[in-house]
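# Here is my input; please provide its structure:
(2 chains)
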Amino acid sequence: MPHNRPISPHLQIYKLPLTALISISHRLTGVFLSVGLIGLVYILWQITLGDEKFNDLQTALHSISVQILIIGFVYALMFHLCHGLRHLLWDAGQTFSREKLTYYALIELFISVSLTIFFVMEIM
Amino acid sequence: MKNLLLKPHFAHTHWLRQRLSALFLLPLSYWLFIFVKHCLQANYSEMLSWLHLPINKYALIAWFLLVCYHGAIGMQVIFEDYIPRHRQRLAIWTANTFFMGLALSAVIFLVQI
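Purely as a prediction, here's the structure:
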């Protein structure tokens, strides 16, 4: 069969532009944050169980592996929040030109990293 | 397309609910931040007295309810995009049950505290 028709991009070969990577990350962080909710509800449960359980929980929260998860959660939340704000901007009909899309994508990444650093310094 | 014409309101309300829940979640995230900060830094009695203040308790309840709602409708769109049609219903039902369970447990725990 002759292949003279335009075909859709092969995802293994086609280099996704920054805007596409950010778009899929918005979904991925949404899923990751949903899983993280289990952790937050677990914390609430431990608080209802009393003083001792809360202290055990706090020790666990200060272990390296959990701290990395918390930083990941904060970054995912900040990224999801920043990209969500851009969706609201788009809904208002703003910043749709190609140059602006990439420009705002970079700003968004910068702000989400800065906010993460700020919040992590505050809570830890 | 035919479906869209028959139910023009569905996609629109879904979109609107996603945006509205996001807008309400923005200011409420402040309480999540303070809550996580207390989890890491406060002792038990400080944690309890913070949670006993009605504004903090109800803001956290609102955050958990809205975030579960926001997550459930977000997950629905992901399943609609990536899961074959005949398995979508089960996937969406599972996700809804998951978020409903989380929201319910969070509210019960927060009321108990």
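# Report the buried residues of the lengthiest helix in chain A.
Secondary structure of chain A read by DSSP state H shows that its longest helix is helix A:18-48. By neighbour count with 16 or more other Cβ atoms under 10 Å in any protein chain shown, helix A:18-48 contains the buried residues A:22, A:25-27, A:29-30, A:32-34, A:36-37, A:40-41, A:43-47. No exception for glycine: its C-beta is placed from N, CA and C like everyone else's.
# Intersect the residues you listed with the contacts of chain B.
Checking the buried residues of helix A:18-48 against chain B by Cβ under 8 Å from any Cβ of the partner chain, the ones in range are A:27, A:30, A:33-34, A:37, A:40-41, A:43-45, A:47.
# export these to CSV and tack on pLDDT?
CSV is the format used below for those (pLDDT from 0 to 100):
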residue, pLDDT
A:R27, 96
A:G30, 97
A:L33, 98
A:S34, 97
A:L37, 98
A:L40, 98
A:V41, 98
A:I43, 98
A:L44, 98
A:W45, 98
A:I47, 97
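# Any chance of a markdown table for those residues, columns distance to B:L20?
Supplementary listing: these in a markdown table, determined by distance: Cβ to Cβ, whole Å:
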| residue | distance to B:L20 |
| --- | --- |
| A:R27 | 20 |
| A:G30 | 17 |
| A:L33 | 18 |
| A:S34 | 19 |
| A:L37 | 20 |
| A:L40 | 22 |
| A:V41 | 23 |
| A:I43 | 27 |
| A:L44 | 25 |
| A:W45 | 29 |
| A:I47 | 30 |
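# Leaving out chain neighbours, which residue sits closest to whichever residue of chain A sits closest to chain B?
When scored by Cβ to the nearest Cβ, chain A has A:L44 as its residue closest to chain B, at 3.9 Å. Computed as Cβ to Cβ, 6 or more residues apart in numbering or on different chains, the closest residue to A:L44 that is not its neighbour in sequence is B:F109, at 3.9 Å.
# All set now, cheers.
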